[in-house]
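The following comprises the amino acid sequence and a computationally predicted model.
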Amino acid sequence: MPIDMKEILSIRGLSKSYKNVTAIQNLNLEISEGQAYGILGPNGSGKTTTLSIVTGIIHQDEGSFNWFGKHPHANQRKKIGSLIETPHFYPYLNLIKNLQIICDIKGISYKDIYRVLESARLAERRKSRFSTLSLGMKQRLGIAAALLGDPSVLVLDEPTNGLDPEGIAEVREIVIQQVEQGKTLILASHILSEVEKICSHVAILKKGELLANGPVKELLAEDEIIEISCDRNEELKGKLEGSELVNEIETENGLLVLTLNGNTTPADINAFAFSNELVIHHMLSRKRSLESQFLELVKED
Amino acid sequence: MRRLLHIEQVKLLNYNPFRITLGIYFIAFTLGLLIYPAVDKEIPVISLSDLFRFPDVWMFLTWVTEPYNVLLALIIIMITTKEFNNHTFKTQLIFGLSRTELLIQKLLLIVVLAVFATLLLGLTSLTLGLIYSYKITFKIAMENTLILSRYLISSFAYMTMGLLIALLIKNTALSLLTFLAMRVFVDPVLFLVLREYEVKWYLPFRTTTRLTPVPNLIEIFQKKVNSSETIDETALDLLPKGLPIWLNTSLALLYTGLAIYFSYRLIQRRRFT
């Protein structure tokens, strides 16, 4: 991490279990200013637990975390806009009153309420009771509440959960806008494409453990895979296995699927085959998508 | 402080069950002004209105209206468990209230309600006293008004116990039942079981109810008939002596302090998911 980037959230050795279930185990994570950090993992991988701990609603068993380089304190949360799981408000209060309560908590003026309702396209429903909103509207109100006071950090836990495709697109649009404005985003999701579309960085969790983390682009670029085929696949496979060009070879539907080693390019493979008097008649670069990596990372050992 | 109280105000003044229960409380309380004199006509020898004269009116109404504090405690239980049901403690936490502030918020509300209850009692007693007293001097009228401070403590004590139970149990119906069971069942039964022992006076709910003891009705009525014959009320077991007032009051305060302490511990540890 470049030194000039300000630390926003730093998690060290965080662990939490519920009775017999380990929710997260020795989690370490550093999130810097301006990053859009995706926390990706299947259901039950510890994403919500992690975010619940850093937003103060549950206590960790072990480890610690710092916000803005300081010990956690309630006042820091006033500078963070959070939506953890489903948004919860007073069902019998209208949207304005519900948001007024949050303004009071954060110590900010009520003037911001109309702006955030507008950006969540809820301005027309501002006088409706929270209980009368549809699921999607409730979720959008949760986002609106997180945006109150224009916080520099957003913590969103599955913000598109339970929304219809239109709602998903709308929420993503709002979140992307915030990221473009330079906000720091911490986004938990089990939807890979969501993280790919929104985030610059990603941490992949599985059963409470951090499997991999880093810039989305780097994780995408790792290990180029190509598929090839020639007249004598088995012979080529044997020769390639003896070379240092590939890490792994698999046969798939009559094709050889090669995981290239470091600096090897597809041209090197072609040249290698030719020098061995084998003519490759099919070669296709499979840019390894994050999705297949994700599925691979999280699949059962 | 004001910020926390304002948040509570927005939540509650728009919450119908709260408005209705508080309304019932208010009506029940002030209805006494109309009902007591009406009841009076059906009791021939002694007159209930004797109880509404200064300075006895303070003691009498304090005793009579003590059960209304139970209603206030039920209100506290209702609104606290509701915050768990609606997961709104969670919302308030993630937007920047501390756990301690969550507790202070409820304690402030308890103080406001206790003061409100005491003022209501004070005004009701004053009104009835002014109507029914033959002779009103400032000295007579103000005698016994110190009992209002004990009523304030009683009200506060009931509500903090309600708060503790609500934070412990979280479920509305179960919390209400537990509180009522403690007040109307557990405490009287324990009191009966321990009747031979002095410790019976040290039970938490007992010290609270004894803050506003049964007034010496016999003495009041004797004053009326000018009887020189004195009756030993304790022999009749009409007026159990109990602990000295100062000790009883200190105990009630101690229990209230413990309730707040345990509420604090609970709120610090709870998962607010």
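Nice, thanks for sending it over.

Check residue B:220 and give its pLDDT.
With respect to pLDDT, residue B:220 scores 69.

buried stuff in the helix ranked longest in chain A?
Looking across chain A with DSSP state H, the single longest helix is helix A:165-180. For helix A:165-180, a neighbour-count test (16 or more other CB atoms under 10 Å in any protein chain shown) marks A:167-168, A:170-172, A:174-175, A:178-179 as buried. In this view, the C-beta of every residue, glycine as well, is placed from N, C-alpha and C.

Rounded mean pLDDT for it, please.
The pLDDT scores in helix A:165-180 average 92.

What is the distance between that helix and the centre of its chain?
Relative to its chain's centre, helix A:165-180 lies at 14 Å (CA atoms, centre = their mean, to the nearest Å).

do stretch B:261-273 as well
Here the centre of stretch B:261-273 is set off from its chain's centre by 25 Å, with CA atoms, centre = their mean.

Stretch A:20-27 now?
Mean-position distance between stretch A:20-27 and its chain equals 19 Å (CA atoms, centre = their mean).

got the buried residues for stretch B:22-35?
When burial is assessed from 16+ other CB under 10 Å, stretch B:22-35 yields the following buried residues: B:22, B:25, B:29, B:32.

Tell me the one among these nearest to residue A:295.
residue B:22 (57.1 Å; CB to CB).

Quick check: closest non-adjacent residue to that closest one.
Nearest in space to residue B:22, with sequence neighbours left out and distances taken as CB to CB, 6 or more residues apart in numbering or on different chains, is residue B:75 at 6.7 Å.

got a list of contacts for the helix or strand hosting that neighbour?
Secondary structure from DSSP states H and E places residue B:75 in helix B:68-85. Outside of helix B:68-85, the residues within contact range by CB atoms under 8 Å, 6 or more residues apart in numbering or on different chains are B:11-12, B:15, B:17-18, B:21-22, B:24-25, B:28-29, B:88-89, B:106, B:109-110, B:113-114, B:117, B:154-155, B:158-159, B:161-163, B:165-167, B:169-172, B:175-176, B:179-180, B:183.

PyMOL command to pick out the buried ones of these?
Typed into PyMOL, the line below selects the buried ones among the contacts of helix B:68-85, using 16+ other CB under 10 Å:
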select buried, chain B and resi 11+12+15+18+21+22+25+29+88+89+106+109+110+113+114+117+154+155+158+159+161+162+163+165+166+167+169+170+172+175+176+179+183
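
from the contacts of helix B:68-85, which ones fall inside helices?
Judged by DSSP H, helices contain the following of those: B:11-12, B:17-18, B:21-22, B:24-25, B:28-29, B:88-89, B:106, B:109-110, B:113-114, B:117, B:154-155, B:158-159, B:161-163, B:165-167, B:169, B:172, B:175-176, B:179-180.

Show the pLDDT at the residue minimising distance to the centre of chain A.
The centre of chain A sits closest to residue A:38, judged by CA atoms, centre = their mean, with a distance of 2.1 Å. If you check residue A:38, the pLDDT there is 96.

isn't there a strand covering it?
Yes: the assignment for residue A:38 is a strand, going by DSSP: H, G, I helix; E, B strand; the rest coil.

Correct me if wrong: it contacts residue A:198.
Yes: between residue A:38 and residue A:198 there is a contact at 6.9 Å, judged by CB atoms under 8 Å.

what touches both of the two?
Counting by CB under 8 Å, 6+ apart, the residues touching both residue A:38 and residue A:198 are residue A:187.

quick one on the thing from earlier: who's in contact with the residue nearest to the centre of chain A?
A:187-189, A:194-195, A:198-199, A:201-203, A:216.

quick one: low-confidence ranges for chain B?
For chain B, applying pLDDT under 70 flags the ranges B:37, B:40-46, B:218, B:220-240.

Point out the residues in it that sit beside chain A.
B:3, B:6-7, B:10-11, B:14-16, B:86-88, B:90-99, B:101, B:269, B:271-273 (CB under 8 Å from any CB of the partner chain).

Against chain A, how distant is the closest residue to residue B:215 other than its chain neighbours?
In space, residue B:215 comes closest to residue B:59 once its chain neighbours are excluded; the distance is 3.9 Å by CB to CB, 6+ apart. According to CB to the nearest CB, to the nearest Å, residue B:59 and chain A sit 41 Å apart.

which parts of the stretch 51-200 of chain A sit against chain B?
So the stretch 51-200 of chain A meets chain B at A:52, A:55-59, A:73-78, A:82, A:84-85, A:87-93, A:97, A:100-102, A:104-107, A:145 (CB under 8 Å from any CB).

Quickly find the element holding residue B:149.
With DSSP H and E as criterion, residue B:149 is part of helix B:147-169.
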